[in-house]
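In: Below is the sequence, then the predicted model.
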Amino acid sequence: MLDERMRGGRAFFRGPARRSQGLCCCAQRAGWVILRASDHRSAAPMTRNSPDLPVKPDTAWRRTLAAADRAALRALARGWPLERVLTIICTAMERLIEGSACSVLILDDDRKLRHGAAPHLPQAYNAAIDGLEIGPSAGSCGTAAYTGRQVVVEDIRESPLWVDYRDLAETAGLRACWSTPIRDPERRTIGTFAIYFSDRRGPTRQHLRTAAHMAALAAVAIGRRRADDAVFEAKARAEAASATKTTFLAGMSHELRTPLNAIIGFAEIMSAEMYGPLGSPRYQDYTRIIATSGRHLLTLIDDLLDLSKIEAGRMTLAAEPVDLAGVAADALAMAGADAKVVEIRTPDTPVTARGDRRALTQVALNLVSNALKFNRPDGRVTLRIFRPDQDHAGLEVSDEGIGIPAGRLAGLGQPFVRVESDHKHQGTGLGLYISRSLMELQGGRLDIDSTEGIGTTVRVTLPAA
């Protein structure tokens, strides 16, 4: 049974044709039963080509549809604003049906229809219906969105669906409105595609099929834009979370650094017995352990500080000539490397890079420390200074240690990713990430070659001075 409020318009349902409450069937096409109110004064004859509704020949019609598809999809691919894409769809339909004005409304999460595009409808009308709440008698579009079915109103003046909006339509000079729901791939209604006229109009089957086609095209555009928006919002949330983490790390690292420096300083004073003997040899061992552990913890805190600066874009580096042999010597001294374990290979002519000496020393120290840490007891570490070509300078550290499993090699150089998962060796997994970041900030790069059980080679290159 068709609801009384649908009189004055048309509703489309699948099912057998039948009479019901003063309504009669006028046609059944393409699986749709088209019902019309028995009061024929507001109804126009349903014909293939209504004489008062100019229709393009089928070939031209199909050509216009294909052009609309191409134009809309091209605009989407180029990232044009959604309203501009929907305007392409509306104007294509307007070219097919003379005297028409089309619109797209988008259903929001509050079940209200929002303006999408309506290039040739009065702006006052567009503004008035922006935010229209859908319902069983909310004009053609509000009802179509509510029921999920095409709603055709041939005469707004006589349709009960338009009672609350009749004056608005009259002021805008609108007399007829056919509305088709826009659905996503899950068949959920996400908007409406409407065709307006300034006089009474009734559609042909071709018009309704074309309206459904345009609604499907609009669904692609809306779905694509919503997907893009979802990605953008997720990225924004991730960036906000990352910024919060970075701020926390920076603040916490500074807070930890101050008392830790005091602990290390007093432990070293006690170990040196500057103010008299400690009284027990064990206390000497304890103070050395305190100082060593404190320095290790301080290194980790410094790594966290560097991480926060890099992620916040606040790491400032110089760009000046740096002798890589001097950088290597400083790194070996800081690592306390035994000359019997580390072999240094340098060319006859100095190799000078353009970069920040402190940052390059930090990178070299990290590479040497890792090589010593993961080397086998009788293995050697080789530090080589080289020039791969005229425009670049390089530093390479190789070991004969445990190597890196092929499955873990790709993840190295990312924050908190470690070679081993059993924590046999100390570390946070930040060293390589910081080293790679420091190299990239200087216009260089860091590469890793490794074979499990054979050893690892880490190579850094950057512009020559």
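Out: Everything's here; your move.
In: which residue packs closest to residue 243, ignoring adjacent ones?
Out: Among residues not flanking residue 243 along the chain, residue 312 sits closest, at 7.5 Å (C-beta to C-beta, 6 or more residues apart in numbering). Where you see a C-beta, it was placed from the backbone N, CA and C, and this is true even at glycine.
In: is it true that the one you found touches residue 248?
Out: No - contact criterion C-beta atoms under 8 Å: residue 312 and residue 248 do not qualify, at 11.6 Å.
In: where along this structure do the helices fall?
Out: Taking DSSP state H to define them, one finds helices in the chain at 58-77, 82-96, 123-129, 139-147, 166-172, 205-271, 281-312, 324-335, 357-374, 406-409, 431-441.
In: Please name whichever of those helices is nearest to residue 344.
Out: With C-beta to C-beta, the closest approach to residue 344 among the helices of the chain belongs to helix 324-335: 6.4 Å.
In: In terms of secondary structure, what does the closest one contact?
Out: strand 342-345, helix 357-374, strand 381-389, strand 392-398 (3 or more C-beta pairs under 8 Å, 6 or more residues apart in numbering; DSSP states H and E).
In: mind giving me the domain ranges of the chain?
Out: 4-227, 232-312, 320-463 (automatic domain parsing).
In: Any chance of a markdown table for the ones you listed, columns mean neighbour count and mean pLDDT?
Out: Formatted as a markdown table, the domains of the chain follow (neighbours: other C-beta atoms under 10 Å; pLDDT from 0 to 100):
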| stretch | mean neighbour count | mean pLDDT |
| --- | --- | --- |
| domain 4-227 | 18 | 79 |
| domain 232-312 | 14 | 81 |
| domain 320-463 | 18 | 86 |
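In: quick one: the residue nearest to residue 243 and residue 212, what's the gap?
Out: Using C-beta to C-beta, to the nearest Å, residue 312 is found at 52 Å from residue 212.
In: what does residue 189 give?
Out: Taking C-beta to C-beta, one finds residue 189 at 13 Å from residue 212.
In: same check, this time on residue 465
Out: Residue 465 is 68 Å from residue 212, by C-beta to C-beta.
In: and what of residue 288?
Out: 82 Å.
In: Kindly report the same for residue 357.
Out: Taking C-beta to C-beta, one finds residue 357 at 69 Å from residue 212.
In: Also residue 105?
Out: From residue 105 to residue 212 the distance is 16 Å (C-beta to C-beta).
In: Now do the closest residue to residue 168 other than its chain neighbours against residue 108, distance only.
Out: Nearest residue to residue 168, sequence neighbours excluded (C-beta to C-beta, 6+ apart): residue 128, at 5.6 Å. Here residue 128 is placed at a distance of 17 Å from residue 108 (C-beta to C-beta).
In: Next: residue 456.
Out: For residue 456 relative to residue 108 (C-beta to C-beta), the value is 55 Å.
In: quick check, distance from stretch 79-92 to the centre of its chain.
Out: 23 Å (C-alpha atoms, centre = their mean, to the nearest Å).
In: For that stretch, C-alpha coordinates in PDB please.
Out: These are the backbone C-alpha positions of stretch 79-92, laid out as PDB (Å, rounded to 0.1, in the frame of the first residue of the first chain):
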ATOM      1  CA  GLY A  79      42.400  16.100  -7.100                       C
ATOM      2  CA  TRP A  80      39.900  18.800  -8.000                       C
ATOM      3  CA  PRO A  81      37.500  20.000  -5.300                       C
ATOM      4  CA  LEU A  82      34.500  17.800  -4.800                       C
ATOM      5  CA  GLU A  83      32.000  20.600  -5.700                       C
ATOM      6  CA  ARG A  84      33.800  21.100  -9.000                       C
ATOM      7  CA  VAL A  85      33.500  17.400  -9.800                       C
ATOM      8  CA  LEU A  86      29.900  17.200  -8.900                       C
ATOM      9  CA  THR A  87      29.200  20.300 -11.000                       C
ATOM     10  CA  ILE A  88      30.600  18.500 -14.000                       C
ATOM     11  CA  ILE A  89      28.000  15.700 -13.400                       C
ATOM     12  CA  CYS A  90      25.200  18.200 -12.900                       C
ATOM     13  CA  THR A  91      25.900  20.200 -16.100                       C
ATOM     14  CA  ALA A  92      26.200  17.000 -18.100                       C
END
